[in-house]
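*Asks:* take this sequence and fold it.
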Amino acid sequence: MTTTYNDDILFFDGINILDLALLNQTPFYLYSENIIANNFLKYQKSFGDNPHLICYSVKANSNLSILSLLVKLGSGFDIVSGGELSRVIQAGGDPSKTVFSGVGKTEEEIRFALSKNIMCFNIESRDELRTINAIALEKKSCANVSIRINPAIDVDTHPYITTGMQDNKFGIEQSEILDIYKEAHELKGINITGIDFHIGSQIMDIGPFKESILKVIAIAKELKKNNIKLSHIDIGGGLGIPYDNERSPDKSLFISEIVDLLKPLATKILIEPGRSIVGEAGLLISKVINIKKSTSKNFIIVDAGMNDLLRPPLYNAYHSIKEIVDNGANKIVCDVVGPVCETADFIGKDRNLSVLKGDYIAVESVGAYGFSLSSNYNTRMKSAEYLIAKDGQNIKKIRDRDTIKQILENETKYLL
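*Replies:* Numbering: from 1, shown residues only. Model prediction:
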């Protein structure tokens, strides 16, 4: 894990979290620039001289400061909406290093992305291919596309975050892939640049990636026989991180094995990591509001709810929870729950903790799909976000906490 105790006080990237919690309204997110940069550079260095582009998955954590940090490190981006493209541009990102994924791109989003000259669209269906072609012709331009194959690969992860199995909505079945490439090759508004796949998220075994790549290699060879050449192969993202002391895949070993497999094709390799760059770089800091004991359960009620961190109720996801002051005594088995009016509003179940009302806790490894999945449910304010700068001294506020005025300002009160 990324936290350590010093004189019973929890520290993160050299920062005393208790001092920070006492000075700022909870709950709030706290990120480490060093951890984000180190994770990105580990990928970057692992490729060596092999042609590649790392396209950070914006959906994992889309804060403008984090995107800007990745821009400076040379990152490209993987987006799934026009809004995310706007974020990339505002953060200083290069649209020509941006791939547009997702099954439901609207015509408005396609036009916007074309106008910004993105690197390519990752095509998810025949309908989408034809829509993009029509819009490109209407604009007297040509759209770069990569076609996403659904490799029908089973992976050991939560069913809600698999994306490459036969019954998932993503990608095109292998039996149809050659035919759709042939159609794309004939369309005047389409320029084929690559092929891609994405088999899921939080994957701890590189075996399914290798199995998928072998399928893609066979397809690439078949395409070449049909005079369809690929300039890149996009292997997607999905590499997991340890949430409960699991052994996570080594980035360098993962990349070296991928490079070895794909080297005979002499194409550029694209990869779309998200969680494995920002996941371990984030904490959620929360204050204990009440302690409630019943005949069957102990509840630690904190001020962070499922609107702040949705992963536990959505996926039954595990996150380590630590006391910010560790007194080392009188630990009780408890459920850590929030104030939202839902039974599913929990952060962790059956945890051993020793806290009193007014104490603070830290929820670990929430840098990915933490704030980005948050909401204003129960008219609760979204949390502030802070970033520990590279020097380990300065802490920058990179998002203000919501206000009630902001939440209500888009609504109109009608007098009936």
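
*Asks:* hang on, isn't E107 packed against T131?
*Replies:* Yes. Applying C-beta atoms under 8 Å as the test, E107 and T131 come out as touching, 6.7 Å apart. (Each C-beta comes from the backbone N, C-alpha and C, glycine too.)

*Asks:* so for these two, which sits in the more crowded spot?
*Replies:* More crowded of E107 and T131, by other C-beta atoms under 10 Å: T131, with 16 against 12.

*Asks:* distance of the more buried one relative to G200?
*Replies:* 26 Å (C-beta to C-beta, to the nearest Å).

*Asks:* ok, S231 next?
*Replies:* From S231 to G200 the distance is 26 Å (C-beta to C-beta).

*Asks:* these two: which has the busier surroundings?
*Replies:* Neighbours per residue (other C-beta under 10 Å) separate S231 from G200, with G200 holding more: 25 against 15.

*Asks:* show me what that one is bridged to.
*Replies:* G200 has these beta-bridge partners by DSSP bridges: T162.

*Asks:* where does V355 land in three-state SS?
*Replies:* Three-state assignment for V355 (DSSP: H, G, I helix; E, B strand; the rest coil): coil.

*Asks:* so it versus E108, what's the distance?
*Replies:* Relative to E108, and taking C-beta to C-beta, V355 is found at 49 Å.

*Asks:* again, but for S75
*Replies:* S75 is 26 Å from E108, where distance means C-beta to C-beta.

*Asks:* quick one, which of those two is more surrounded?
*Replies:* S75 (24 against 10).

*Asks:* quick one: the more buried one and A37 touch, right?
*Replies:* No. Taking contacts as C-beta under 8 Å, S75 lies outside contact range of A37: 10.5 Å.

*Asks:* and Q174, how many neighbours does it have?
*Replies:* Here the number of neighbours of Q174 (other C-beta under 10 Å) works out to 17.

*Asks:* ok, it touching E222?
*Replies:* No. Applying C-beta under 8 Å, one finds Q174 not in contact with E222, separated by 10.7 Å.

*Asks:* helices of the protein, residue ranges please.
*Replies:* 17-23, 33-47, 64-72, 82-90, 107-115, 126-138, 174-186, 207-225, 251-262, 275-278, 311-315, 404-408 (DSSP state H).

*Asks:* which stretch among those is buried most, on average?
*Replies:* Highest mean neighbour count among the helices of the chain (mean count of other C-beta atoms under 10 Å): helix 275-278, with a mean of 29.

*Asks:* and that one, C-alpha only, in PDB?
*Replies:* Written as PDB, here are the backbone C-alpha positions of helix 275-278 (Å, rounded to 0.1, in the frame of the first residue of the first chain):
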ATOM      1  CA  ARG A 275      -6.500   2.400 -13.100                       C
ATOM      2  CA  SER A 276      -2.900   1.200 -13.200                       C
ATOM      3  CA  ILE A 277      -1.700   4.800 -13.500                       C
ATOM      4  CA  VAL A 278      -3.900   6.600 -11.000                       C
END
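
*Asks:* got any ranges where this protein has weak pLDDT?
*Replies:* The chain contains residues with pLDDT under 70 at 1, 152-171, 415-416.

*Asks:* OK, contacts around A37?
*Replies:* When contacts are counted by C-beta atoms under 8 Å, 6 or more residues apart in numbering, A37 touches L69, L73, K390.

*Asks:* where's it relative to K293, distance?
*Replies:* Taking C-beta to C-beta, one finds A37 at 44 Å from K293.

*Asks:* same check on A136?
*Replies:* In terms of C-beta to C-beta, A136 sits 64 Å off from K293.

*Asks:* skipping its backbone neighbours, what lies nearest N330 in space?
*Replies:* Using C-beta to C-beta, 6 or more residues apart in numbering and skipping residues adjacent in sequence, the residue nearest N330 is S354, 5.1 Å away.

*Asks:* my read: that neighbour touches I332, true?
*Replies:* Yes. At 7.1 Å, S354 counts as touching I332 under the criterion of C-beta under 8 Å.

*Asks:* contacts only, for the closest residue to I398 other than its chain neighbours.
*Replies:* Leaving aside its sequence neighbours, I398 sits nearest to S65 (C-beta to C-beta, 6+ apart; 3.9 Å). Applying C-beta under 8 Å, 6+ apart to S65 gives the contacts A91, L387, K396, I398.
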